[in-house]
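Participant: Predicted model and sequence follow; I will ask about them next.
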Amino acid sequence: MTEYTLPDPVVQTEGARELARDLVVIPNRGVQLVPNIGVIGGTHSVLVVETGMGPGNAGTVLKFAADYAGGRTLYLTTTHFHPEHAFGAQAFTGAAAFLVNKAQAEDLATKGPGYLGMFRGLGEPVARQLEGVELAIPDIVYDTSYDLDLGGRVVRLRATGRAHSKGDQVVTVPDAEVMFTGDLAETGQFAIFPWFPPHDTDVSGIRWIEVIRRLAAAGPRVVVPGHGDIGGPRLLADVRDYLQLLRDETWVRRDSAMSEETIVEEVRALMIERHPEWAGREWIDKGVGCLCSEHAAV
Ligand SMILES: [Zn+2]
């Protein structure tokens, strides 16, 4: 998938930042394959959002969260099953109840092993972090909606339906107006389309647009993306506008029966012109491929 060796995806808790009362984010510092990680407290419980990649990183996160919790009950949730978000959950066994939506639990069980193999091929540092990974079985599985009472603070867990993956989940803290989007939104990079036919074709550009429109309309004050800097409502609007433009520019060419190769070339050039500062240009091609396939389905 990549020709170069990715940097070691190490979670560093030193830069943890308080976004609101009793709500901390361990930022990814722009390191690829490190997610933004949330720690959200109430009077009797604390929820951790994302594990980091592999048991070593997750152990670091657990230590930080346990210190932070100071005896409060720990919960863990993940926004989706991808390795840097969920492949550390085993480290929390016995220390925290692992809580996810049903579609995500199914993704982890059915697609986890394939992703483990794929990510081990991304270079030595990534393979090392994935050593000893055993895919955890969630303790609590909900269908589409779960309100977790942390004591004086209720956190909303909502399955969005298929978008970036089949099992995406968004975590919202209403009293602080903070939303954790996972990879439904990123700062400073093109939307990640894990479009790998024939192995993985779960990502849906059409559904993603619907989901991001809903999230943008909810108007959170603070948005914690899967990767990149913490932002505000503008971040969701930027992702929405990008996905809509990607769809429109792809489909208008598809209508003219242009070859997919030419569509990819033209749309990629347009999107780079629009967002020259964004990273992850390879994801434009994947997005166009996904939307080409969805055009046929309309
Ligand atoms: Zn992802």
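Facilitator: Thanks, I have the structure now.

Participant: drop to CA atoms for contacts and neighbour counts, all remaining ones
Facilitator: Will do.

Participant: So what touches stretch 145-155?
Facilitator: If you take CA atoms under 8 Å, 6 or more residues apart in numbering as the criterion, stretch 145-155 is touched by 41-47, 101, 156-159, 171-175.

Participant: Pull out the buried residues from the residues you listed.
Facilitator: 41-42, 45-47, 101, 156-159, 171-173 (16 or more other CA atoms under 10 Å).

Participant: Out of those residues, flag the one nearest to Thr79.
Facilitator: Sorting these by how near they are to Thr79, with CA to CA, puts Val171 at the top with 7.5 Å.

Participant: Assign the closest one to helix, strand or coil.
Facilitator: Assigned with DSSP: H, G, I helix; E, B strand; the rest coil, Val171 falls in the strand class.

Participant: Can you list the residue ranges for helices in the stretch 1-150 of the chain?
Facilitator: 54-69, 83-86, 102-120, 124-129 (DSSP state H, counting those that start in this stretch).

Participant: Quick check: which of those is buried the most?
Facilitator: Mean neighbour count (mean count of other CA atoms under 10 Å) peaks for helix 83-86 among the helices of the stretch 1-150 of the chain, with a mean of 27.

Participant: Show me what that helix is packed up against.
Facilitator: Applying 3 or more CA pairs under 8 Å, 6 or more residues apart in numbering; DSSP states H and E, we find helix 83-86 packed against helix 102-120.

Participant: which residues sit against the longest helix along the chain?
Facilitator: Counting by DSSP state H, the longest helix found in the chain is helix 233-255. Here helix 233-255 makes contact (CA under 8 Å, 6+ apart) with 185-187, 191, 205-206, 208-209, 212-213, 215-216, 219-223, 260, 263-264, 267, 271, 287-288, 291-292, 295.

Participant: out of these, which are buried?
Facilitator: Applying 16+ other CA under 10 Å to the contacts of helix 233-255, the neighbour count classes 185-187, 191, 205-206, 208-209, 212-213, 215-216, 219-220, 222-223, 260, 263-264, 267, 271, 287-288, 291-292, 295 as buried.

Participant: Stretch 105-121: how far from the chain's middle?
Facilitator: Put simply, stretch 105-121 sits 15 Å off its chain's centre (CA atoms, centre = their mean, to the nearest Å).

Participant: on that earlier part again, export the buried ones among the contacts of stretch 145-155 to a markdown table and append columns for distance to Glu84 and pLDDT.
Facilitator: Formatted as a markdown table, these follow (distance: CA to CA, whole Å; pLDDT from 0 to 100):
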| residue | distance to Glu84 | pLDDT |
| --- | --- | --- |
| Gly41 | 23 | 98 |
| Gly42 | 26 | 98 |
| Ser45 | 24 | 98 |
| Val46 | 21 | 98 |
| Leu47 | 18 | 99 |
| Asn101 | 18 | 98 |
| Arg156 | 22 | 98 |
| Leu157 | 19 | 98 |
| Arg158 | 20 | 98 |
| Ala159 | 19 | 98 |
| Val171 | 17 | 98 |
| Thr172 | 20 | 98 |
| Val173 | 22 | 98 |
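
Participant: Show me what the host helix or strand of Cys292 is packed against.
Facilitator: Using DSSP states H and E, the element containing Cys292 is helix 282-296. With contacts taken as 3+ CA pairs under 8 Å, 6+ apart, helix 282-296 sits against helix 205-218, helix 233-255, helix 260-274.
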